[in-house]
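Visitor: fold the following and give me the result.
(2 chains)
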Amino acid sequence: RKEVEQDPGPFNVPEGATVAFNCTYSNSASQSFFWYRQDCRKEPKLLMSVYSSGNEDGRFTAQLNRASQYISLLIRDSKLSDSATYLCVVNTRSNDYKLSFGAGTTVTVRA
Amino acid sequence: DVKVTQSSRYLVKRTGEKVFLECVQDMDHENMFWYRQDPGLGLRLIYFSYDVKMKEKGDIPEGYSVSREKKERFSLILESASTNQTSMYLCASSFPTSGISTDTQYFGPGTRLTVL
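Guide: Have a look, this model is predicted:
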């Protein structure tokens, strides 16, 4: 079983729509959670960390559900520039700098 | 701004060739990582290093080796390239925050390697 699993999508949404997707992780002892964004033919970049209480960064909201072992990302008022692949990233071991990456969820925002 | 550079964006090699992929970061980061990214599989960790001359195997080290002679440079070596090593190779670096675990990894632009 993969450590981090994501629905690959694609999620095709019109501008202005809200889109949300989850990822699940297998290790209940996982400590840290992130969403990275990867544009086509570019490198991944940190979008936001995910905190236990949930957190927002502008139009982006991340949630963590430890009981069900999933994290979610919600994008409000989608922009064309939000088109990208969103990678779910988990630190599955404490005292360790290694990260486990999901395969990504592709979002395409259309005009 | 953190900058991670990789020696080539595109590389084409033949089966059996020795291949060197170079990665340099300019932020004095201690941690450096090599991943490969394949469709549907995501990023998989090949090797990582937390200090000069230190290296540890990641999840898929077979067929690869690394070298870290200087803090800013982390090299990935394919001793004898094979067609199943055709992939996108991504280097990343990070600076350990105080305490344990969490930190942001900064990626280079990637090297798309094709082995014929």
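Visitor: contacts, neighbours, all on C-alpha from now
Guide: OK.
Visitor: quick one: secondary structure of B:Phe33?
Guide: strand (DSSP: H, G, I helix; E, B strand; the rest coil).
Visitor: around the closest residue to chain B within chain A, how many other residues sit close by?
Guide: Chain A approaches chain B most closely through A:Ala103 (3.7 Å), counting by CA to the nearest CA. For A:Ala103, the count of nearby residues is 26 (other CA atoms under 10 Å in any protein chain shown).
Visitor: now A:Pro8
Guide: A:Pro8 - counted by other CA under 10 Å - has 18 other residues nearby.
Visitor: with B:Arg44 instead?
Guide: 22.
Visitor: dump the residue contacts of the residue lying closest to the residue of chain A closest to chain B once chain neighbours are set aside.
Guide: Sequence neighbours aside, B:Gly42 is the residue nearest to A:Ala103 in space, at 3.7 Å (criterion: CA to CA, 6 or more residues apart in numbering or on different chains). For B:Gly42, the contact set (CA atoms under 8 Å, 6 or more residues apart in numbering or on different chains) comprises A:101-104.
Visitor: the helix or strand containing B:Leu76 pairs with which strands?
Guide: In the assignment (DSSP states H and E), B:Leu76 maps to strand B:73-78. When pairing is defined by DSSP bridges, strand B:73-78 lines up against strand B:19-25 (antiparallel), strand B:65-70 (antiparallel).
Visitor: run through who's touching it.
Guide: B:18-25, B:32-34, B:63-68.
Visitor: just the C-alpha atoms of stretch B:22-39, please, in CSV.
Guide: Output in CSV follows, covering the C-alpha atoms of stretch B:22-39 (Å, rounded to 0.1, in the frame of the first residue of the first chain):
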residue,chain,number,x,y,z
GLU,B,22,24.7,17.5,-10.6
CYS,B,23,22.8,19.6,-8.1
VAL,B,24,23.9,22.8,-6.4
GLN,B,25,22.1,24.9,-3.8
ASP,B,26,23.1,28.4,-2.7
MET,B,27,21.4,28.6,0.7
ASP,B,28,23.8,26.7,2.9
HIS,B,29,21.2,24.0,3.4
GLU,B,30,22.4,20.9,5.2
ASN,B,31,19.8,18.5,3.8
MET,B,32,19.8,17.4,0.1
PHE,B,33,17.7,14.9,-1.7
TRP,B,34,17.4,13.1,-5.0
TYR,B,35,14.1,12.0,-6.3
ARG,B,36,12.8,10.5,-9.5
GLN,B,37,9.3,11.4,-10.7
ASP,B,38,7.3,9.0,-13.0
PRO,B,39,3.7,9.3,-14.1
